[in-house]
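Novice: Provided below are the primary sequence and the corresponding predicted coordinates.
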Amino acid sequence: MAIITIMSGSYCHADDIIKGVAQRLGSSRISEILPEEVAKRFETSAESVQSFLDGTPPDFNKLSKKQIRLLGFIETTLAELILADNVIVDGRVGFMIPGNIPHALKVCIIANHDFRIEQAAKIDNVSGDAAASRLLEYDTYLSKWSGHFTQHAAYDEHQFDVIIPMHNTTIDKAIEIICNQAESEAVQTTERSRKIAADFLLGAKVKLALTSAGYDVNVFAESGRVNIEINEQSLWMSKLENKLRSMASEIPGVTEVTTRMGPKSAPPSLNPWDNVDAPPKILLVDDEKEFVHTLSERLKTRNLESAIAYDGEQALDMVRNDVPDVIILDLLMPGIDGIETLRRLKEMNPDIQVIILTGHGSDRERETAEELGAFAYLHKPVNINDLARKMKEAYAVKRRGH
């Protein structure tokens, strides 16, 4: 039996229609049990779930960590509940149901503006202006949910299988239309459609695990294969991808993991000097933690982001995972010193541009550094503008090398 999602405009008799469909088909109404089911599965309360669903719609571009987790709880629970089939998903959570599930029947109950105004005035005993205001508020509310999950307006005909205009349809007729469609061969559950519904659940579980860990991602699953769309910027993107793949692989049912860049993963240009194809990746290597953090913060004021290593070994490990464009390297550090670190860096990748920045260097060390291919040799304390200029020059050399 079909999964029926019913989206409705306000004042369109949706509740009466949904109750009639549920009674005729013997369907469970997800909206009545969802908050309690979420509370059973996760550390939250049914009241907080209901409040989130009924309250002012959040800014989906600026969700708090708590909201992200709660949304993940709701989506994962919903994905589990629809596996039972013969269910009705009404209200805004219906937008979470992906459009690729063959046995999901998507219904829109709507009416023209005049009909809804008339019904609002009759039911709530309000003026026409007040009724119009309520309609606008509700439609705006619903479109925020729809836009986030489907990239469509709330009543966009392209996302529905059945559209019922209540200004010229009776409640009984609407019930009949929905039931007839739900019982048709086209939306009956098959082995293939059940697998697609299971993919929705697997994707929801992986997304919940990753977003709960603080990552901004979308997740798509197909037959155990998971694709993670990364929606955040990272200086060390390959390291982030490896981390996400590792975490996703631990979810039962995942057989393969791939990643791709989402629309928000492309970083803005961090180079303040000229138009470049990509921002420089910068690594600061110095065991003086206060100094290196201060330097990192000062570079931020010039729109230059940087990663930090506190010794040569850590720097080499980071470079093995993701090669930076420019490295600022101290000479006197615990473990392998700056000269040996420079030697190994150049052996790993001759194109890395290394600027020595030290307070303890000698003329001999300067000569050795230059022989090993250091781009520049600067002394602490350094003028931040001079350093930025040298970094610009080093980055230009790195880019010309490619």
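Specialist: Thanks, I have it.
Novice: what helix or strand is Ile164 on?
Specialist: strand 162-165 (DSSP states H and E).
Novice: Please identify the buried residues of whichever helix or strand comes after that strand?
Specialist: Once the chain leaves strand 162-165, the next helix or strand it forms, by DSSP H and E, is helix 171-182. Taking 16 or more other Cβ atoms under 10 Å as the neighbour-count basis, helix 171-182 is seen to contain the buried residues 171, 174-175, 177-179, 181-182. Bear in mind the C-beta positions are built from the backbone N, C-alpha and C, glycine included.
Novice: cool, stretch 141-154 as well?
Specialist: Within stretch 141-154, the residues that count as buried by 16+ other Cβ under 10 Å are 141-150, 152, 154.
Novice: Report the beta-bridge partners for the residue nearest in space to the middle of the chain.
Specialist: Residue closest to the mean C-alpha point of the chain, counted by Cα atoms, centre = their mean, is Val217 at 3.0 Å. When bridges are called by DSSP bridges, Val217 pairs up with Ile230.
Novice: Settle this for me: Leu372 is touching Glu340, isn't it.
Specialist: No - if you go by Cβ atoms under 8 Å, Leu372 and Glu340 don't touch, sitting 9.7 Å apart.
Novice: helix/strand/coil for Leu135?
Specialist: Assigned with DSSP: H, G, I helix; E, B strand; the rest coil, Leu135 falls in the helix class.
Novice: got a list of what it touches?
Specialist: When the contact criterion is Cβ atoms under 8 Å, 6 or more residues apart in numbering, the partners of Leu135 are 9-11, 113, 116-117, 120.
Novice: Show me just the buried residues among those.
Specialist: A residue is treated as buried here by neighbour count (16+ other Cβ under 10 Å); on that basis the buried members of the contacts of Leu135 are 9-11, 116-117, 120.
Novice: quick one: Leu316 and Gly373, what's the gap?
Specialist: Spatial separation of Leu316 from Gly373 under the definition Cβ to Cβ, to the nearest Å is 16 Å.
Novice: in what helix or strand does Asp59 lie?
Specialist: Since the elements are taken from DSSP H and E, Asp59 ends up inside neither a helix nor a strand.
Novice: nope, Met333 is what I was after
Specialist: When secondary structure is defined by DSSP H and E, Met333 falls outside every helix and strand.
Novice: What about it, how many residues nearby?
Specialist: Using other Cβ atoms under 10 Å as the criterion, Met333 is surrounded by 23 other residues.
Novice: Excluding sequence neighbours, find me the nearest residue to it.
Specialist: Nearest in space to Met333, with sequence neighbours left out and distances taken as Cβ to Cβ, 6 or more residues apart in numbering, is Asp287 at 4.6 Å.
Novice: Pull the number of nearby residues for that neighbour.
Specialist: Neighbours of Asp287 under the rule other Cβ under 10 Å: 16.
Novice: Assumed it was part of a strand.
Specialist: No - with three-state DSSP as the criterion, Asp287 is located in coil rather than a strand.
Novice: My guess is it contacts Pro334. True?
Specialist: Yes - under the criterion of Cβ under 8 Å, Asp287 is in contact with Pro334, at a separation of 5.9 Å.
Novice: Show me whatever sits in contact with both of the two.
Specialist: Counting by Cβ under 8 Å, 6+ apart, the contacts common to Asp287 and Pro334 are Asp311.
Novice: Which residue, other than its chain neighbours, is closest to Met237?
Specialist: Of all residues not flanking Met237 in the chain, Asp322 sits nearest, at 7.0 Å (Cβ to Cβ, 6+ apart).
Novice: and that neighbour, how far is that from Ile109?
Specialist: 52 Å.
Novice: Could you list the buried residues of stretch 286-305?
Specialist: With burial defined by 16+ other Cβ under 10 Å, the residues of stretch 286-305 counted as buried are 286-287, 291-292, 295-296, 299, 302, 304-305.
Novice: Just the ones of those in helices?
Specialist: The helices, defined by DSSP state H, take in 291-292, 295-296, 299 from the buried residues of stretch 286-305.
Novice: which among the residues you listed gets closest to Glu393?
Specialist: Ranking those by separation from Glu393, with Cβ to Cβ as the measure, puts Leu299 on top at 15.4 Å.
Novice: Pretty sure that closest one sits against Ile308.
Specialist: No - Leu299 lies out of contact with Ile308 (Cβ under 8 Å); the separation is 10.9 Å.
Novice: what residue ranges in the chain score low on pLDDT?
Specialist: For the chain, the stretches flagged by pLDDT under 70 are 233-236, 264-279, 401-402.
Novice: need the buried residues of stretch 286-305 in a markdown table with distance to Asp129, can you?
Specialist: Conversion of the buried residues of stretch 286-305 to a markdown table gives the following (distance: Cβ to Cβ, whole Å):
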| residue | distance to Asp129 |
| --- | --- |
| Asp286 | 66 |
| Asp287 | 69 |
| Phe291 | 65 |
| Val292 | 62 |
| Leu295 | 60 |
| Ser296 | 56 |
| Leu299 | 56 |
| Arg302 | 53 |
| Leu304 | 54 |
| Glu305 | 51 |
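Novice: from those residues, which single one is nearest Arg194?
Specialist: The shortest approach to Arg194 among these belongs to Glu305, at 46.0 Å (Cβ to Cβ).
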